[in-house]
Structure formats: C-alpha cells, structure tokens
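In: sharing a model prediction with you, sequence too.
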Amino acid sequence: MTAMPSTPSRATPLLRTAVIVLLVAVAFALPQLLGGTSVAYSTLTTIAIFAVMCYGVDIVLSYLGEVSLGHTLFWAAGGYAAANLSVKYGLNGWSTALATIAICIAAAAFLGAVTLRTREFVFSLVTYAAAVVAYEIAFNWDAIGGSDGIVGISALKLPFGFVTYVGGTQEELWPVALVLLLLTLFFISRFRRSRLGTTALMVQMNPALATSLGVDPRKVRLAVFVISAPITGLAGWLYAYQRAYVGPDMFETYFLVMMLTAVVLVGRRILIGPLIGTALLIAQQNLLSLGGDWNKIILGSVLAFVLIFWPAGLVGLFRRFSKNKA
Amino acid sequence: MNITQQIVNGLVLGSGYACIALGWTILLGVARLVNFAHGQLYMLGAFVTWYAMTKAGLPYPLAILVAILVLAALGALMQGAMMGLVMTQNLTSLMIVTLGLGYVLQGGSALIFGGNPQTLSGTLSRSKVDLGALWFTWQDVLVLVATLLLYGAVWLFTKRSRFGSVIRAVAEDPKLAELFGINAKVVYTLVFVFECSAVALGAALVAPRSPILTSMGFNEVIMTFVVVVLGGIGSIGGALVAGLGLGLFIAFFGAFIAQAYTTAAAFGLLLALLVIRPEGLATK
C-alpha cells in the first residue's frame, strides 16, 4: 500500500486533509515540475484520462472478480456523445457529460439485465460481443459519424454561472482531467467502504456466505456493472475533447487490453494501483516506444505474464521479495 | 432475390461459422476452458497457409497441413504457459491471459507478415459451379463437406471412445481425475492443441473467401460466440445446427433487410435467446 490509502486510517482528520491537499497541489503542478512543455501536459492529461477509463474496469474486476470485455463500448459512448452533441447541437460540457452518464447507465443496465441469469463467462462473452456490434453500428451509421468519425470537435466549455471555463489546449485540459481523476478516486474510495462494495467483495471471496446472508450475487453483479460504466464513459467524454476527433478507432482492442493490464499490473484492490499502472504503460508507449507492433507485443505480454507469474501484481512481488530478505 | 440462392448462401456461410466454431465448442463444452485468442489464431492460421503457399510454394493441401502443425505447436506452448491457471480452474484470469496472448499474436504477425491485406489464391475459391440460376464455388462444397465430416468424427470420438469420457472426467474435477490415474495436464494440453489445430483448419478452408489482414481478430469470428451460445454451450450437434441456422438467418437478413448490420442482427438474436433460455437452445 502506498501513502494515500494507508495513512488516513490512523492519522487525525486534520493531518489527513493536509496530506491530501498537499498531494493534490503537487499533482496540479506536476506538468510544470516536469518542465512545463506541451508534451508534459499532453502526456499527463492522457495518463489522467486513461486512468479514469481503467477505474471503470477496476471496479468490476477487482471488487467483483468478473471480467467485462465491453468497457470499450462505454469509452466510445462517452466520446460519441461529446462529439455529436457538441458539434451538431452546440451543447456545453455539462450537458454532454450528463448525456454520457445517462447513455452509459442505460447501456450497462440493458446488458447487465440481459445476462442476469447467465453464467460468468457468458457475461464476458456478451459484453465483448456488444462492443463488436457497437463498433459495427458506429462504423456504418453515417448520422453519428460513420467510418470517418467526427472531426473538429470544438473546445470544452464548462460554464459556472457567469464565468465559462474553456479547455482548448492541453494546458487548459489538464486541470479538468485532474479533477475528473480526483473525483473518480474519491468515488472509488467511497465505493470500497460502501455496502455495495463490501457485498461485492464478499460475493467474490465467499459466494456461499453471501448467498446464505440473502445476497443475490447476480443482482450485485448488475449493480456494480451499472455504476462502473459511467466512469469509463466520462473518460471517453474528455478524450473526445482532448483529441478533437472521435471515430470507430475508439473501439480498438488496444483500449481493452490497456484497461485490463493497468488494473492487474500493480495489484488488484489497491486504490491508486490502476493510476500507477496506467502511468507506467503510457510512459512506455510515449517515451520508450518501440513502434506499434512491438508495443502490442509488450502490452499483451505484460498482461499475460503478470497473471501467470505474479497474480498479485507488482505489489505482491515486492512483498514476496521483502519477506525473503527479512 | 432468388430464395434458393439465399438458402445456398446461408448453408455456405453457416458451414463456415460451424467450422470455425468447432474448436471453441470442444474447448468450452468438454474441457470448460475459454480462449479469447481464438480470433487471432484464426488470423494466424490463414496467414501461415498464405505464407506456405506464396512464399514456400507448397500446394494447398500441404499448406493446410503446415498451418495445422504450426498452430498445434503454438497451442501446446500457450497451454504450457497457462497450466497453473488451468489446473486451478481460474476462468477469470484465463480469459484475460488469452486476450493478452491474442494481442501479442496480432503484433507479432504484423511484424512477420506485414500490414498489407493479402488474398489466398490457388485454392478452389475461383472455380465456380453453375446450376442454372444457382451458383457456388468448389471451395464452398469443400467447407461444407469438411465441416460435416469433422463434426461427425468429433461427435463419435467424444461419445463413443474411452478418451471422450476421460476428457469429461477431467473437466468435471481435474484433481479427482488425477487420483484415478488420469494425467489431467496431458488431457488439457491435447484438448487445447485440438482447438488450435481445428481453428487452423477452419481458417485455411474459410479464409480464402475474403481478403485477410493481421489486424483481424475476434471481430472476424464473432459468430463463434453466437454459435457456441445458441447451440447450448458445448453441445456438438447443437453447434452444427446453430451454425447452419445462423448462416441461413444472416443470408436472408443481409439480402432482404440490411447487409451492413448482419452482426448486429445476430447479436440481437443472441440477446433474445439469453433472455428466453439463458442456458442455450440445446439444453437437456
């Protein structure tokens, strides 16, 4: 466990708040500390957006123990909602974000309800197939962009009463991405201690106990799946503004493999695990890239390697290593 | 639109779906394992066949054999790496690991075979059969005959031979089966090797119909999911019937409603079935 999740439990509330405020301030100034270049801003913004994307999968995989292979659908839904509504109807960022949340909840509730009575792997299979079908629809339906997608998405506008925050450049989008990431972290930490979060963990660890306590594991799965969808969706929403383009490439397997790898790399059920995992993977792809095909081999191998050899992730490896030395 | 022609097209499509889905059906139904690298294995099977024919100059039947052998070896390697997860029946991790390995295969194949689309020529897909208003190719006949023969052979093998019951015993409880002197690891490896060679054969037979790309993955064989679930997970006869039925459905849907949304239609069919009969059509 790293500083953030472990310190709060013992420390006084005041100290805890001070530590969090300090960490947030450091995080906010991080692009400046790294040189303040445009590359620093865009890389950190991408890391924040991708981390939020991964937290959607994290909830399902780490706390429920099931695999959703359909989160690219929510990721793309956010992007398409932002692009279509802002380009065609001129809606501001709040409206497109609300639409994203509504679409993702509706889609997840539908898929979850349809697979409610099926076995676990059928759930994974149907979520995967749903993403493939959504890709086909997005690719063929010209009204929402078709195979060319939507180009020229205008800057993100977030009105606060009389003042409007405009996120046009990477520098302006960084605070938005950071706030979205912090809200997500806050939400996940609340979820971990919530009734649903602890029930989901019980269903994963001891299904027999959960059933004997009157918990229906399938309903828990539906609830966790539904609340996970808008998280990944909102990441896609911001990604659309960052890239100013949305197209069928948002359904690519890359995003799915990225989400799963970032979650398992550091270790499951660690609050900032997916964030660190995302940062490590994006750093490799942006700064130590070996070309697209080699990056695929690296990403896929990391995913398979971690699950086969260190199921507890880097943290588990570190623990085993320090135990051996002691 | 000619109805009889659409029935022929449906059987052609459907036998292809059933052929590609055979390995998955066995893997899931008999050994209760999943493999999300199936799409990339299909891609690799097609590209090994292409490579053997165009670069090594082998005739088509030999190229098929090479593809089967290469993928069988790859299957043994993959299964060896995943053995720990398989023996503990860790289905969640297996799904993710196979997805990751599929991604590795995709990157590796792009490095080896290049990023351009290729076509498998020199097969029977150019030799047409015209029967009045109807037409199909000899390749289509080959796929249909091979699929029927394969399903028949596999059905006989799993139901009638001793090894069939050994596999089922291992799927039921690998630890218990080992107490009875069955080497579960060998059984799992053989089933997985069979899955990989079956998909190689399916790819070598079906892929000549359309251009092949290293980036084609599960999207290309998404019908496998539909066939396996429609057929009632792991039922061999069910998968054959589901494959042919789905082919007919797709042929008619594509011809009369919308060609672009055939996958969506198949998915709609799958969802409707999951709501009505969550365990599939062919449940006992």
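Out: Here it is on my side, so go on.
In: for the stretch 151-284 of chain B, which residues are neighbours of chain A?
Out: Selection of the stretch 151-284 of chain B residues close to chain A by CB under 8 Å from any CB of the partner chain yields B:217-219, B:222, B:225-226, B:229, B:233, B:260-261, B:263-264, B:267, B:270-271, B:274-275, B:278-279. To be clear about C-beta, it is placed using only N, CA and C from the backbone, and glycine gets the same treatment.
In: could you pull out the strands for chain B?
Out: Under the criterion DSSP state E, chain B contains strands at B:128-131, B:134-137.
In: mind checking which of those strands is nearest A:S289?
Out: A:S289 lies closest to strand B:134-137 among those, at 43.9 Å (CB to CB).
In: so B:Q118 touches B:T214, yeah?
Out: No - B:Q118 is not in contact with B:T214 according to CB atoms under 8 Å; the separation is 9.1 Å.
In: more neighbours, the two?
Out: Applying other CB atoms under 10 Å in any protein chain shown to B:Q118 and B:T214 shows that B:T214 carries more neighbours, namely 25 against 17.
In: could you pull up phi and psi at the more buried one?
Out: Per-residue torsions, B:T214: phi -70, psi -20 (degrees, to the nearest 10).
In: verify the contact between it and B:P117 for me.
Out: No - look at B:T214 against B:P117 with CB under 8 Å: they stay out of range, at 9.1 Å.
In: output the longest helix belonging to chain A.
Out: If you go by DSSP state H, chain A has its longest helix at helix A:217-243.
In: list the helices and strands the helix or strand just after it packs on?
Out: Following helix A:217-243 in sequence order, the next helix or strand is strand A:245-246 (DSSP states H and E). Strand A:245-246 sits against helix A:71-89, strand A:150-151, with contacts defined as 3 or more CB pairs under 8 Å, 6 or more residues apart in numbering or on different chains; DSSP states H and E.
In: of the ones you listed, which stretch is the most buried?
Out: Counting by mean count of other CB atoms under 10 Å in any protein chain shown, helix A:71-89 has the highest mean neighbour count of the helices and strands packed on strand A:245-246, with a mean of 25.
In: buried ones in the next helix or strand after that one, by neighbour count?
Out: Where DSSP H and E defines the elements, the next helix or strand beyond helix A:71-89 is helix A:93-114. By neighbour count on 16 or more other CB atoms under 10 Å in any protein chain shown, the buried set for helix A:93-114 is A:93, A:95-97, A:99-101, A:103-105, A:107-108, A:111-112, A:114.
In: tell me the angle of helix A:93-114 relative to helix A:71-89?
Out: Relative orientation of helix A:93-114 versus helix A:71-89 (axes from the mean of the first three to the mean of the last three CA atoms, to 10 degrees): 140 degrees.
In: and helix A:93-114, how far out from the chain middle?
Out: When distances are taken as CA atoms, centre = their mean, to the nearest Å, helix A:93-114 is centred 15 Å away from the chain's centroid.
In: can you check stretch A:188-202 too?
Out: 17 Å.
In: low-confidence ranges in the stretch 201-326 of chain A?
Out: Applying pLDDT under 70 to the stretch 201-326 of chain A picks out residues A:325-326.
In: swap in 90 and give it another go.
Out: Scanning the stretch 201-326 of chain A for pLDDT under 90 picks out the ranges A:201, A:203-208, A:210-211, A:214-219, A:221, A:267-269, A:286-293, A:310-326.
In: around chain B, which positions in it sit nearby?
Out: Proximity of the stretch 201-326 of chain A to chain B, by CB under 8 Å from any CB, involves residues A:253, A:256-257, A:260-261, A:264, A:292-297, A:299-304, A:307-308, A:311.
In: buried among those residues? Need that as a selection in ChimeraX.
Out: In ChimeraX, this line selects whichever of those come out buried by 16+ other CB under 10 Å:
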select /A:253,256,257,260,261,264,293,295,296,297,299,300,301,302,303,304,307,308
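In: from the residues of the stretch 201-326 of chain A next to chain B, which ones fall inside helices?
Out: Per DSSP H, helices hold the following members of those: A:253, A:256-257, A:260-261, A:264, A:292-297, A:299-304, A:307-308.
In: now, which of the buried residues of helix A:93-114 lie close to chain B?
Out: A:V114.
In: from the buried residues of helix A:93-114, pick the one nearest B:G29.
Out: Closest approach to B:G29 among those (CB to CB): A:V114, at 22.1 Å.
In: quick one: contacts for the closest one?
Out: Contact analysis of A:V114 by CB atoms under 8 Å, 6 or more residues apart in numbering or on different chains lists A:126, B:271, B:274-275.
In: same question, A:M53
Out: A:71, A:75, A:231-232, A:235-236, A:239, A:255, A:258-259.
In: grab the nearest non-local neighbour of it.
Out: With CB to CB, 6 or more residues apart in numbering or on different chains as the criterion, A:M53 has its nearest non-adjacent residue at 3.7 Å, and that residue is A:A235.
In: coming back round to it: shared neighbours, B:Q118 and B:T214?
Out: Common neighbours of B:Q118 and B:T214 (CB under 8 Å, 6+ apart) are B:F47.
In: per-residue confidence at B:P278?
Out: In this model, B:P278 is scored at 70, pLDDT.
In: meant to ask about A:I20, not that
Out: A:I20 carries a pLDDT score of 90 in this model.
In: centre-most residue in chain A?
Out: The centroid of chain A falls nearest to A:M53 when counting by CA atoms, centre = their mean (2.0 Å).
In: got phi/psi on that one?
Out: Per-residue torsions, A:M53: phi -60, psi -40 (degrees, to the nearest 10).
In: and it, how far is that from chain B?
Out: 16 Å (CB to the nearest CB, to the nearest Å).
In: ok, A:A244 next?
Out: Per CB to the nearest CB, A:A244 is found 25 Å from chain B.
In: for that residue, list the residues it contacts.
Out: Contacts for A:A244 (CB under 8 Å, 6+ apart) come out as A:151-154.
In: next: B:F225.
Out: A:125-126, A:128-129, B:270.
In: identify the residue nearest A:E171 in space, chain neighbours excluded?
Out: Nearest residue to A:E171 in three dimensions, chain neighbours excluded: A:Y41, at 5.1 Å (CB to CB, 6+ apart).
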